[in-house]
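**Q** Fold the following.
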Amino acid sequence: MDDAAIPLGSQLPAGTRFIGPEPGAVGRWGEGDFPPTDDLDLCVACGLCLPHCPTYRLTGEESASPRGRIAAMRAVTEGRSPVDATFARFMDLCLSCRACEDVCPSHVPFGRMMERARVQIEPLRTRRERFLRWLGLDVALPHRWIHGVAALFAPVARPLLPRRVRSLVPRVGLGELLRPLPRVTPARGTERGTVAILSGCVQDRWYRPVNRATIRVLARNGWRVVVPRGQVCCGALAAHHGRLDRARKQARRNLAAFDGVDWIVVNAAGCGAHMKGYDDLLGAAAGGFRDRVRDLMEFLDEQGIEPPVSNAGFHQVAYHDACHALRAQGIRSQPRAVLGHVPGLQIDEIPDGDRCCGAAGLYNVLQPEMAGELRRQKADAIVSIGARIVVSANPGCTMQIAAGIRLAGAEVDVLHPAEILDRAYAAGDVGAEGGD
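**A** Okay, here's the model as predicted:
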């Protein structure tokens, strides 16, 4: 036979394979969700993700890389390895920052795979760990009144918290906690439509002024703003920590709560990324929910804004890109473009600004050593450029960065981009009144 007629690859040794399970392999996954074979098979182990993975960059260990973690998942799928303590260690060290997804030529959905792998390791937790996770993720976060009470008593409980947790929790005034967000805020000027905002759990309890600023900015730009009464925590923390059933329940409640509005605007990057994934989490039942979800800065960039006529009180800020904005939602230019409308405001880039700060949901509590090193690197990078204001659009990042800056002994304020716009509008209004 002419060599040209021999099918390509037909002369490889018997049993050679590149992807897919070995013939007759029986997976060793337990009950519940687990990474599907179709997702695993997308990874060709090219290694392009390695230099972008924060845990691999710090350890140099293959097991701490996306490729290594996928290899461990594949070993369980093929029956070559159990879901054991070693497997759990590999999965727990992951930040789920999704930097790997951003550079993967095969578009491997690593975040989705990690969430399902963590469902499998939950039964390995100690009884105490399972109880604390149940208390926090299944009881406190889905019920607004519970985390509201927790926030009220935080000043009393603060001295009892572990030092690393105490350093993260911001101080909130009692008056702010007792004053709820307005249910409906009319548009200023000609109404362009109705938007609902996700008030959130961590965002609303610890950073309610950010929510107020968000409402004012949207209303200023012609949007009627509603805060649906029936909304709950978006479910991101539950999904990231192996409780997908709980995350699905919260997603269904939010589908009902946000029904009938033109847009759902989210001012927390992690929440926005997760809500855009409701279609993946719930399938057809989500009804294309993601098409109505927008990050605040993404929305303002798409729809256009009224340019402020005054500065916000400062002329230079450093912008921190939250992983779940930059990586999961592809949002980078939009916030810079929107803030560029503020007169005289210069936006500086943070060295290695696309690297995770180490917050990652509960990661900074559960993996303090790795999170602490990433926090130090981020704080040092901010201090190195002489920044006095850092912009952060995710509450977890804001907590982490603020704690890192305090430890570095620097004086830097961390603000949400909505707060900068709100201050600029307010300064313009004062100037207009003074000119009358």
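**Q** tell me the phi and psi of Val365?
**A** Val365 adopts backbone torsions of phi -90, psi -40, taken as degrees, to the nearest 10.
**Q** number of nearby residues for it?
**A** Residues contacting Val365 under the criterion other C-beta atoms under 10 Å number 14. For every residue, glycine as well, the C-beta is placed using N, CA and C.
**Q** pLDDT score for it?
**A** pLDDT for Val365: 87.
**Q** now Gly20
**A** Turning to Gly20, the model gives it a pLDDT of 61.
**Q** residue contacts, Pro395?
**A** Counting by C-beta atoms under 8 Å, 6 or more residues apart in numbering, Pro395 makes contact with 200, 202-203, 206-207, 210, 268.
**Q** Phi and psi next, for it.
**A** Pro395 adopts backbone torsions of phi -60, psi -40, taken as degrees, to the nearest 10.
**Q** Equivalent analysis for Arg294, please.
**A** Backbone torsions for Arg294, taken as degrees, to the nearest 10, come to phi -140, psi 140.
**Q** Adjust the sequence numbering to begin at 419 for everything that follows.
**A** Sounds good: first residue 419 from here, last item Arg712.
**Q** was I right about it contacting Val684?
**A** Yes. Judged on C-beta atoms under 8 Å, Arg712 makes contact with Val684 at a distance of 7.2 Å.
**Q** Between those two, which contacts overlap?
**A** Gly690.
**Q** Settle it for me: which of those two has more neighbours?
**A** Val684 (29 against 24).
**Q** quick one: contacts for that one?
**A** So Val684 contacts 615-616, 618, 652, 690, 693, 711-714 (C-beta under 8 Å, 6+ apart).
**Q** And it, what's its pLDDT?
**A** 98.
**Q** just the strands in this structure please.
**A** Counting by DSSP state E, the segments of the chain that form strands are 602-603, 611-615, 641-644, 681-684, 711-713, 734-737, 764-767, 807-809, 831-833.
**Q** which residue ranges form the helices in the stretch 469-618 of the chain?
**A** Secondary structure of the stretch 469-618 of the chain (DSSP state H, counting those that start in this stretch): helices at 472-477, 484-495, 503-510, 517-521, 528-539, 545-551, 562-570, 572-575, 581-584, 592-596.
**Q** If you average pLDDT over each of these, which is lowest?
**A** Looking at the helices of the stretch 469-618 of the chain, the weakest mean confidence is helix 572-575, a mean of 58.
**Q** Domains in this protein, by residue range?
**A** Using automatic domain parsing, the domains assigned to the chain come out as 455-542, 545-584, 600-721, 734-853.
**Q** In JSON lines, list these along with distance to Pro441.
**A** Output for the domains of the chain, formatted as JSON lines (distance: least, C-beta to C-beta, whole Å):
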{"stretch": "domain 455-542", "distance to Pro441": "10"}
{"stretch": "domain 545-584", "distance to Pro441": "37"}
{"stretch": "domain 600-721", "distance to Pro441": "30"}
{"stretch": "domain 734-853", "distance to Pro441": "36"}
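**Q** between those, which gets the lowest average pLDDT?
**A** domain 545-584 - the lowest mean pLDDT of the domains of the chain, at a mean of 70.
**Q** and stretch 512-525, how far out from the chain's middle?
**A** Relative to its chain's centre, stretch 512-525 lies at 14 Å (C-alpha atoms, centre = their mean, to the nearest Å).
**Q** Centre-most residue in the chain?
**A** For the chain, the residue nearest the mean C-alpha position is Gly688 (2.1 Å; C-alpha atoms, centre = their mean).
**Q** what's that one in contact with, if anything?
**A** Gly688 makes contact with 654, 740, 742, 779, 812, 814 under the criterion C-beta under 8 Å, 6+ apart.
**Q** Now with 7 Å, please.
**A** For Gly688, the contact set (C-beta atoms under 7 Å, 6 or more residues apart in numbering) comprises 654, 742, 779, 812, 814.
**Q** The fourth one: neighbouring residues, count only.
**A** Applying other C-beta under 10 Å, we find 27 other residues in the vicinity of Asn812.
**Q** and if you look at the last one?
**A** Number of residues near Gly814 (other C-beta under 10 Å) recorded here: 27.
**Q** And for Gly448?
**A** When neighbours are counted by other C-beta under 10 Å, Gly448 registers 15.
**Q** Please apply the same query to Pro753.
**A** The tally of other residues near Pro753 (other C-beta under 10 Å) stands at 23.
**Q** Not counting its neighbours along the chain, what's nearest it?
**A** Met715 (3.9 Å; C-beta to C-beta, 6 or more residues apart in numbering).
**Q** quick one: Val756 from Ile723, how far?
**A** Distance, Val756 to Ile723, by C-beta to C-beta, to the nearest Å: 6 Å.
**Q** between these two, who's got more neighbours?
**A** Val756 (23 against 19).
**Q** between the strands of the chain, which gets nearest to Glu519?
**A** Among the strands of the chain, strand 711-713 comes nearest to Glu519, with 17.0 Å by C-beta to C-beta.
**Q** What pairs with the closest one, parallel or antiparallel?
**A** The sheet places strand 711-713 alongside strand 681-684 (parallel), with pairing taken from DSSP bridges.
**Q** follow-up on the earlier one: just give me the closest of the contacts of Val684 to Asp456.
**A** Taking C-beta to C-beta as the measure, Asp456 sits nearest to Met693 out of those, at 23.9 Å.
**Q** that older thread, now the contacts of Gly688 in a markdown table, with distance to Asp847?
**A** Listed next are the contacts of Gly688 as a markdown table, based on distance: C-beta to C-beta, whole Å:
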| residue | distance to Asp847 |
| --- | --- |
| Ala654 | 35 |
| His742 | 33 |
| Gly779 | 38 |
| Asn812 | 28 |
| Gly814 | 32 |
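**Q** quick one, phi/psi of Trp685?
**A** Quick fix: residue 685 is Asn, not Trp. Backbone dihedrals for Asn685, given as degrees, to the nearest 10, come out at phi -100, psi 10.
**Q** Contacts only, for it.
**A** Asn685 touches 621, 628, 632, 714, 811, 834, 836, counting by C-beta under 7 Å, 6+ apart.
**Q** The residue nearest to the second one when sequence neighbours are not counted: neighbour count?
**A** This means Val628. Excluding the flanking residues, the one nearest Val628 by C-beta to C-beta, 6+ apart is His834, at 4.4 Å. Applying other C-beta under 10 Å, we find 25 residues neighbouring His834.
**Q** Report the spatially closest residue to Ser483, excluding sequence-adjacent ones.
**A** Excluding the flanking residues, the one nearest Ser483 by C-beta to C-beta, 6+ apart is Tyr474, at 4.0 Å.
**Q** Touching, the one you found and Gly465? I think so.
**A** No. Applying C-beta atoms under 7 Å, one finds Tyr474 not in contact with Gly465, separated by 9.9 Å.
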